Structure formats: structure tokens, C-alpha cells
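Colleague: Predicted model and sequence below, questions to follow.
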Amino acid sequence: MDRIVLELNHIQKELGGQLIIHDASLKLAQGEVIALCGGNGAGKSTLLRMIAGILQPTAGEIRIKGKTWKKDRKEYAHQIGYMPDDYLFGQGLSAEETLAFWASLRKVSSDRVSEVLELVGLIQVRKRKVSSFSKGMRQRLLFAQALLAKPSLLIMDEPTNGLDPYWMGSFVELIRYVKNEGHAIIFSTHQLQIAEAISDYVLFLKEGRIAEEGTTASFIERYGPYGLSAAFDKLFAFPDLPLLTKEIRQP
Ligand SMILES: Nc1ncnc2c1ncn2[C@@H]1O[C@H](COP(=O)(O)OP(=O)(O)OP(=O)(O)O)[C@@H](O)[C@H]1O
């Protein structure tokens with residue numbers, strides 16, 4: 001059986017007359033997690049939006065379980081759960097009403113709404129208006145909507161942004177659970193410790209190109225015990241600025 005869920009073949013994206021993504025190729029199988037890392041403006045969100053079908057590549061092809069957005073839009077969209085990096089919620093709705101609305105669009109049962117509210121720890125506050133939620137609570141609600149239809153492919157743009165240490169740890173546990181259920185996951189993050197904790201494979205994007213890639217173990221082999229953060233420093237540090245973080249990290 002073919003376990004490949006997501007396939008990118010030589011993707012390019014031009015925006016505003018500029019090439020934002022140069023040539024990205026990757027494969028992601030069932031039960032695998034890929035972390036997209038890189039500096040600000042590297043192209044992570046653009047790449048994830050293309051996978052989610054929100055943007056179309058200028059060149060190259062994206063397949064999800066063999067389907068393309070162009071030819072099989074419905075089947076393609078059906079496989080995806082997408083958590084954007086920012087979202088403006090309907091201000092008058094409660095958490096439960098918000099999820100129930102998304103669930104009805106995706107023909108998901110109300111039992112599943114309660115299940116995901118429980119998973120992300122919002123069941124007690126489900127009747128509260130989303131407008132009263134903190135950033136971290138809104139992130140958890142966005143995560144819950146992405147999980148609603150038990151997608152084959154979970155796409156998340158900076159999912160741990162705004163989470164406190166408790167929910168950060170819980171998020172790691174949740175992703176491990178979702179991974180063990182056989183879902184494929186691709187997400188972007190600036191938090192290298194999160195990439196290290198949950199991903200099988202890490203891609204560093206720099207100026208729209210895949211600058212480094214490999215398993216976290218392979219980063220340790222190549223860059224020493226600080227693996228991903230040493231790779232990040234090499235790829236993205238400004239040579240004229242002192243690397244204070246390095247000193248802080250030294251025991
Ligand atoms: N609609 C657009 N028109 C022109 N340029 C764009 C557009 N959207 C994004 N860009 C540019 O594309 C580049 C990549 O942006 P993107 O948001 O994908 O980066 P990112 O890696 O997600 O960054 P960050 O970590 O800061 O969120 C940036 O230089 C950005 O200015």
C-alpha cells in the first residue's frame with residue numbers, strides 16, 4: 001500500500017512579481033511529522049497555504065493521496081485539516097457554536113465537536129464567547145477545528161504561538177497521539193524545541209529555498225549536540241551581531 005500522503009514536486013510561487021518559493025520538493029507518509037523552520041519571511045506560510053489549496057503554485061505540482069487541487073478539488077480538500085497562523089473569529093459566537101458551524105460545513109457530528117473541545121481543554125468554557133478568549137485559547141480552538149474531520153493531512157502554521165508551557169507540553173502529547181493514529185502532519189514553527197520534540201524530519205527554508213533538511217538525529221550528527229539550533233545559527237545569524245544566545249546556552 002502506498003503510504004505517501006503528501007507530495008510536492010518542484011513547487012515555485014511568485015507573488016508581487018517576486019519568486020517567494022524557488023523549488024520545493026518533499027514527500028510525507030502516513031504517521032510522519034515534518035517541521036518547517038526558518039527565519040521571518042523565509043516562505044513557510046506561503047508553502048503551507050499552497051498545500052492547503054489557498055494559494056496555487058506558479059509551477060510544479062502538489063498531490064495529496066494522489067489528488068491535485070486542479071483536478072479533484074473536493075477529494076483534495078476532504079483530506080486536509082488546516083490551522084492558519086491567524087484567524088479572525090466571528091465575535092458573537094461561543095467556542096461550541098464556532099466549532100458546530102465548521103462541523104456542519106464538513107458534515108461532522110456534534111459528538112466529534114465535544115470530543116475535540118475535550119482534547120484541547122476547552123470543554124468547560126465551550127459556552128463562552130470566543131471574543132473573551134486569550135490568544136492561547138483561540139489557538140487551541142483553531143487546532144480543534146483542524147482536527148474536526150480527522151484529516152489524513154494536518155497542516156499547521158505556527159500552532160504553538162501564544163501557548164503557555166502547560167499547553168505547549170499538552171500540544172506535544174496531542175501531536176504524538178494524532179501521529180500514532182496514522183495522520184500525516186506538516187507544521188511551521190520558530191520553536192526549535194517543538195520541532196525537535198515531535199518531528200521525524202525538519203526542513204529549513206531560507207529565502208524560499210530548502211537550505212537544510214534531515215532527521216533531528218542527522219542534525220545532531222552534522223552540527224553537534226545543539227543540532228537544530230546550531231543549524232539555525234549557521235543559516236540565519238547576522239554575522240555582525242554578537243550571538244548572545246550561544247553564550248546563554250553554554251553550560
Ligand atoms: N501577497 C504577497 N505579495 C507579495 N509578497 C508576499 C505576499 N505574501 C507574502 N509575501 C512575501 O513572501 C515572503 C515569505 O512570506 P511568508 O509569510 O511565507 O514567510 P514566513 O516564513 O511564514 O515568515 P514568518 O516566519 O515571519 O511568519 C516574505 O518576503 C513576504 O513579504
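Modeller: Perfect, I can see it now. Residues are numbered from 1 along each chain as shown.
Colleague: Could you check how far S188 is from L28?
Modeller: 14 Å (Cβ to Cβ, to the nearest Å). Where C-beta positions appear, they are placed from N, C-alpha and C, glycine not excepted.
Colleague: Show me which of these two is the more surrounded one.
Modeller: Using other Cβ atoms under 10 Å, the more surrounded residue of S188 and L28 is S188, with 25 against 22.
Colleague: which parts of the protein sit against the ligand?
Modeller: Residues of the chain lying close to the ligand (Cβ under 6 Å from any ligand atom) are L15, G16, I20, G38, N40, G41, A42, G43, K44, S45, T46.
Colleague: In strands, which of the residues you listed fall?
Modeller: L15, I20, G38 (DSSP state E).
Colleague: Do I have it right that R176 meets I198?
Modeller: Yes. The pair R176 / I198 is scored as a contact, 6.5 Å apart, by Cβ atoms under 8 Å.
Colleague: quick one on the thing from earlier: report the two of the residues of the chain next to the ligand separated the most.
Modeller: The most widely separated members of those, counting by Cβ to Cβ, are G16 and G38 (19.4 Å).
Colleague: ok, those two, which is more surrounded?
Modeller: G38 (25 against 5).
Colleague: Just grab the bridge partners of the more buried one for me.
Modeller: Going by DSSP bridges, G38 is paired in beta bridges with L205.
Colleague: That one against V202, yeah?
Modeller: No. Using Cβ under 8 Å, G38 is not in contact with V202, being 10.2 Å away.
Colleague: which residue ranges form the strands in this structure?
Modeller: 4-15, 18-29, 33-38, 59-64, 80-83, 153-157, 184-188, 201-206, 209-214.
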